[in-house]
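[1] Just a sequence and a predicted model for now, questions to come.
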Amino acid sequence: MSLPETLLSVGRAWLAGFQGDLTRYIIAAPLAWLVVCVLLAPVLKTWKIRPNRPPALQHVVELLCSIRSVAVFSTVALVTVGLAKAGLLWGEAFRETPTLIWTVVSLVLTIVAHDAYFYWIHRLIHRPRLFRAFHRRHHRSNNPTPFTAYSFDLGEAALMGAFTPLWVLLVPVSWPAFGLFMIHQIARNVIGHCGYELFPARRDGRPLLDWMTTVTHHDLHHAQAGSNYGLYFTWWDRLMGTENPRYHAEFARVAARRRNRAPAMAAVGDR
């Protein structure tokens, strides 16, 4: 293949990846904002974690930064394309023609692995020397919105995007399962930044599924950086002692307000 043909092939692969990631983001973030933060806002007002609303300019900046992040993801994903073309991805049968069982298993494995990867990378870039270069942009959204999901610095976007080539190199994950994983990760990411506690609670005020991160769990991370690093699950935060000690109290506060058992109170980030 000549150099122009190679460059054209690479360009097409990059554009396909960019279109796919951007489409998922554009569907997820604006849709969540429109439905949860605008159309249902009057109905969900007691579900809102903080009393104040993020300014309109924040939404615009986050959207632009997220589009930039998607471009970085697409660039990093070219490593996966190169690995496949070089024949370095083992288990082709598991990837191309997977059984239903392997599709389900590889989806679960990918979600669990990504949660672990996210936790440790996230915790790493909170170190003072790395925070400014890798993570400051994301935390400029102290009061997050659905658009915050991909609002990263360039370095953080590259680190987050690196999960894909690393994982598919190690594990012959089913391609259909990986597609479902991508939908799952953006959906959970957007929901986790929406500012409304959408997860169900038990009668005692604790999360019904306490092993999953709730909106309050990640909202506390934006309000008080230094805890709650997990993305999908609370496992790593609890194992490593990095869960915010006020988490259950804050979740119970919103849960009680949803049941009209307690008056509205200021959220941690607004005190």
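    Sure thing, it's come through.
[2] Number of residues surrounding the nearest residue to residue 192 once chain neighbours are set aside?
    In space, and not counting its chain neighbours, residue 192 is closest to residue 218: 4.3 Å by Cβ to Cβ, 6 or more residues apart in numbering. C-beta coordinates here come from the backbone N, C-alpha and C atoms, glycine included. Residue 218 has 22 neighbours, counted by other Cβ atoms under 10 Å.
[3] Which of the helices or strands spans residue 166?
    helix 163-170 (DSSP states H and E).
[4] Please name every helix or strand in contact with that helix.
    Here helix 163-170 touches helix 56-85, helix 100-124, going by 3 or more Cβ pairs under 8 Å, 6 or more residues apart in numbering; DSSP states H and E.
[5] Buried residues in the helix or strand following the longest one, which are they?
    It stands for helix 56-85. Following helix 56-85 in sequence order, the next helix or strand is helix 92-96 (DSSP H and E). Using 16 or more other Cβ atoms under 10 Å as the test for burial, helix 92-96 gives 94-95.
[6] What of stretch 121-138?
    Buried-residue list, stretch 121-138, by 16+ other Cβ under 10 Å: 121-123, 125-126, 131, 134-135, 137-138.
[7] again, but for stretch 249-264
    In stretch 249-264, counting by 16+ other Cβ under 10 Å, buried: 250-258.
[8] same deal with stretch 57-65?
    Buried, per 16+ other Cβ under 10 Å, within stretch 57-65: 58-59, 61-63, 65.
[9] Ignoring the adjacent residues along the chain, who's closest to the most centrally placed residue in the chain?
    The C-alpha lying nearest the average C-alpha coordinate of the chain belongs to residue 189 (Cα atoms, centre = their mean; 3.0 Å). Leaving aside its sequence neighbours, residue 189 sits nearest to residue 149 (Cβ to Cβ, 6+ apart; 4.2 Å).
[10] ok, that neighbour - contacts?
    25, 28-29, 66, 186, 189-190, 192-193 (Cβ atoms under 8 Å, 6 or more residues apart in numbering).
[11] low-scoring stretches of the stretch 151-271 of the chain, by residue?
    Within the stretch 151-271 of the chain, the segments meeting pLDDT under 70 span 261-271.
[12] try it again with 90
    224-225, 258-271 (pLDDT under 90).
[13] So which residues of it form helices?
    154-161, 163-170, 175-192, 215-223, 235-240, 247-258 (DSSP state H, counting those that start in this stretch).
[14] Compare these and report which one is nearest to residue 78.
    helix 163-170 (8.8 Å; Cβ to Cβ).
[15] I'd like the distance from that closest one to the chain centre, please.
    Offset of helix 163-170 from its chain centre (Cα atoms, centre = their mean, to the nearest Å): 18 Å.
[16] what's the answer for stretch 194-205, then?
    19 Å.
[17] next one: stretch 15-32
    Distance, centroid of stretch 15-32 to centroid of chain: 13 Å (Cα atoms, centre = their mean).
[18] which regions of the stretch 1-150 of the chain lie under the pLDDT threshold?
    1-13, 16-17, 81-82, 84-87.
[19] swap the cut-off to 80 and go again
    Scanning the stretch 1-150 of the chain for pLDDT under 80 picks out the ranges 1-7, 9.
[20] CA atoms only for stretch 213-231 - export them in CSV, please.
    This file holds the C-alpha atoms of stretch 213-231, laid out as CSV (Å, rounded to 0.1, in the frame of the first residue of the first chain):
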residue,chain,number,x,y,z
THR,A,213,-21.9,4.6,42.5
THR,A,214,-24.8,7.0,42.6
VAL,A,215,-25.1,10.5,41.3
THR,A,216,-24.4,11.8,44.9
HIS,A,217,-21.3,9.7,45.1
HIS,A,218,-19.6,11.4,42.1
ASP,A,219,-21.2,14.8,42.9
LEU,A,220,-19.3,14.7,46.2
HIS,A,221,-16.1,14.1,44.3
HIS,A,222,-16.6,17.3,42.3
ALA,A,223,-17.6,19.3,45.5
GLN,A,224,-14.8,18.0,47.6
ALA,A,225,-12.0,16.5,45.5
GLY,A,226,-9.9,13.8,47.3
SER,A,227,-12.4,11.0,47.6
ASN,A,228,-14.9,9.0,45.6
TYR,A,229,-12.7,8.1,42.7
GLY,A,230,-14.8,5.1,41.4
LEU,A,231,-16.8,5.3,38.2
